[in-house]
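give me a 3D structure for the following:
(2 chains)
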Amino acid sequence: MIVFKTVLKVINRLKGMLILYTVVLVAISLMNQFNAKGNVITYQETKPDIVIYNKDDSLLAKEFVNYMSKHTNIKDIKEDKLDDALFYRDVSYALFIDSNFSSNILNGNQISLDYKSTGDYNSSYTEMLVNKYVKVASIYKDYYSGEELTKNIEDTVSKEIKVNLSTKLDVDTLSYATSYFNFLNYSFLAGSLYVISMVLSSIKEEKVYKRTIISSYDYKKHNKEVLLANSIVLFGLYIIYMIFGYVLFKNLIFTPNGLLYVLNSFVYVICTVTIGFLIGTITQNRAAISGIINVVALGTSFLCGCFVPIEYMPESVVSLSKILPTHYFVSTNEIIKTLDKIDFNSILPIITNLLIIVVFSLVFVILTNIINKKKQKIA
Amino acid sequence: MKNIVEVKNLTKEYKNLKAIDNLSFEIRKGEILGLLGPNGSGKSTTINSILSLLKTSSGSIKIFGSEMTPSSYDIKKKIGVVFQEVAVFNELTVYENIDYFCGLYIEDKKLRSKYIDDAIALVGLENFKKFYPKQLSGGLLRRLNIACGIAHKPELIFLDEPTVAVDPQSRNNILEGIKKLRDNGATICYTTHYMEEVEILCDRVIILDKGKILASGTIDELKQLTNIEEKVTIEVDNLSDKIVSEIVEFKNVDTISYNGSALVITYKKGKNNLTEIVDYLNSKKVKYDKIFSERPTLNDVFLELTGKELRD
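Numbering: from 1, shown residues only, chains lettered A, B, ... in the order given. This is a model prediction of the structure:
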């Protein structure tokens, strides 16, 4: 296993860049989370601030004001200060109940209520409350009277429809996780390309290669050990990234969605290993390798929506990205983000994407073999 | 003497070039065979062909009595190669590099450790075990290159111009090391275009040019191929053409050349007439500095065989 051990030693000398890629991944993921936490506005019920000028002493008018007070904050502002209060948004709505309010409803007359509003959504909401109460009162006055009338109006307008959200998705966590796994593409692709192509540039460097093939070491065994050592290191890197994923998203990783992220990453890791071997076979020139790593890792990450969400990209760029395996990796992560129910139909697009990544991997393996054979023929 | 390598009618053709042309020779057990020739003469191609690194166009190669193929691992186990270019890992230390290349042949860790120490001692890198190649000078790198090629104690060693661009101290160290390897029982094929090295090291020499063997034999045998018996050089200024033309007429003189500061006279086989020339110069009151006499070199042999210098 001398080749295996030597490849590990060579990788050990290259670990600086791997650590750098990992630090970038973790740092950006943490920054995403912290930034997102600062920006997240959780829903909080608020009542609009209004003012009511009531000149009607009737029971109906009092109950109306009582109803409004349950759904709004009624402020005490003098009428001559009202315009200023509206201008400075101290209140959104001012309702004027005249002395005929109750008699007009009970007698079936045209009901007109004066109001002033800021025109914002708080004033619209208040207007909706007013309309609702007045409409119900106009109908019920034919059937009820006195306290019975106000009680029935109150019962009706207070009715609420309960809405249950069937989804149990933790949307925030899934969004962060998707960002993490999408960005993981860059770290992993750059890391794999760097490790494999640098190792191959050392071990397949023309003179070292010559010295190796004239030795009594079976060259097939030699190649297997190179593959094994690279695969083990990159699998180790994958495990580390998954552990980071677990640390960042403890409650997600062992859910079906989390496990699908892990599976998608694993299939993609295999693909990056095959890309690494392809590039390492094409060239052993270290300067060229650095350039290729930047172009491939950064280029595909940008094109495929790892850094910028794909929905912001032009259609032509999205179409172009479909020729790259990263597109299917990112696309799968996006599907997992909104995946609520796990059944065959819902995971079919994921299976399709994973199979496409596997096909890409096979194509890269075939290309690597063809280039290897061509190079051997030239020698 | 048993033949370790037998090459018969070996030819290697590229599209429009015959790199080696119908070579036949053998390397005998325990000898240092020198492949001598100018750059591009086919020395490296011959070695690469023997080692199955190149597909030959025709001919046969037998090493240790068996046909050599790319998968002849039993034969390869007994061979060590030191290429012209340094072939080591920049990411590994001196010790780790030798360990790797020795490990391609020797699995036993203990035995390997001993062999590595022996190789390091042979090339004198004891103080550089933990150095990385980038920290070594050119000469030390060459020594590391040799250690990587011979650490597994091969019976047959190919050394392809191992002293190119090496400082004199490292060159002496390398040449001493090669002699030690031979003394320890290794058979060595040594390619170079430095004739002095061949004269110091080699038991037999094959002179190659344009892929063909021009001559082969021991150094004395090769020198006998030339008509020159002796070469006399006289350091003298302002020699007239008349005097030069008169010296040409002296007995046994073969050629004469004068470049304004040194008169070089070569003699055909037989006695020289140095005293006669000295007397003649004294009589003409010609003042001269040094006079020295040389036996013909391999370069003279090469010059006689090809009409050009070895380093042309």
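
contacts and neighbour counts: CA atoms only from here.
OK.

once you drop chain neighbours, what's closest to residue A:77?
With C-alpha to C-alpha, 6 or more residues apart in numbering or on different chains as the measure, residue A:51 is the residue that lies nearest to residue A:77, at 6.7 Å, once sequence neighbours are left out.

what sits against that neighbour?
Going by C-alpha atoms under 8 Å, 6 or more residues apart in numbering or on different chains, residue A:51 touches A:74-77, A:91, A:93-95.

buried subset of these, written for PyMOL?
Command for PyMOL that selects the buried part of the contacts of residue A:51, burial taken from 16 or more other C-alpha atoms under 10 Å in any protein chain shown:
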select buried, chain A and resi 74+77+91+93+94+95
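
residue A:291: neighbour count?
For residue A:291, the neighbour count with other C-alpha atoms under 10 Å in any protein chain shown is 10.

pLDDT value on it, please?
pLDDT, residue A:291: 86.

and it, helix, strand or coil?
Local secondary structure at residue A:291 is given as helix here, using DSSP: H, G, I helix; E, B strand; the rest coil.

quick one: contacts for it?
So residue A:291 contacts nothing (C-alpha under 8 Å, 6+ apart).

surely the residue nearest to residue A:77 forms part of a strand?
Yes - using three-state DSSP, the secondary structure at residue A:51 is a strand.

can you tell me who it pairs with across the strands?
Here residue A:51 shows beta-bridge partners residue A:94, assigned using DSSP bridges.

quick one: it from chain B, how far?
Counting by C-alpha to the nearest C-alpha, to the nearest Å, the gap from residue A:51 to chain B is 79 Å.

that residue and residue A:69: what is the separation?
Between residue A:51 and residue A:69 the distance is 10 Å, computed by C-alpha to C-alpha, to the nearest Å.

which stretches of the stretch 1-150 of chain B have low pLDDT?
Low-confidence segments of the stretch 1-150 of chain B, defined by pLDDT under 70: B:1.

show me which residues of the stretch 201-350 of chain A are close to chain B?
For the stretch 201-350 of chain A, the residues in contact with chain B (C-alpha under 8 Å from any C-alpha of the partner chain) are A:202-203, A:207-208, A:210-218.

one step back: need the contacts of residue A:51 in a markdown table with pLDDT, can you?
Supplementary listing: these in a markdown table, determined by pLDDT from 0 to 100:
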| residue | pLDDT |
| --- | --- |
| A:74 | 93 |
| A:75 | 92 |
| A:76 | 91 |
| A:77 | 91 |
| A:91 | 92 |
| A:93 | 94 |
| A:94 | 93 |
| A:95 | 92 |
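
quick one: which of the contacts of residue A:51 is nearest chain B?
The shortest approach to chain B among the contacts of residue A:51 belongs to residue A:91, at 73.6 Å (C-alpha to the nearest C-alpha).

and residue 206, how many neighbours does it have?
In the absence of a named chain, chain A is used. Neighbours around residue A:206, by other C-alpha under 10 Å: 13.

ah, I was thinking of chain B
What residue B:206 shows, counting by other C-alpha under 10 Å, is a neighbour count of 22.

would you map the helices across chain B?
Under the criterion DSSP state H, helices of chain B are mapped to B:43-50, B:73-76, B:94-103, B:109-123, B:138-150, B:168-183, B:195-201, B:219-223, B:241-248, B:274-283, B:298-306.

output the second one as CSV, restricted to C-alpha atoms.
Right, helix B:73-76. As requested, C-alpha coordinates have been extracted for helix B:73-76 and formatted as CSV (Å, rounded to 0.1, in the frame of the first residue of the first chain):
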residue,chain,number,x,y,z
TYR,B,73,7.4,-7.5,-13.3
ASP,B,74,9.9,-10.2,-12.3
ILE,B,75,12.5,-8.7,-14.5
LYS,B,76,11.6,-5.1,-13.5
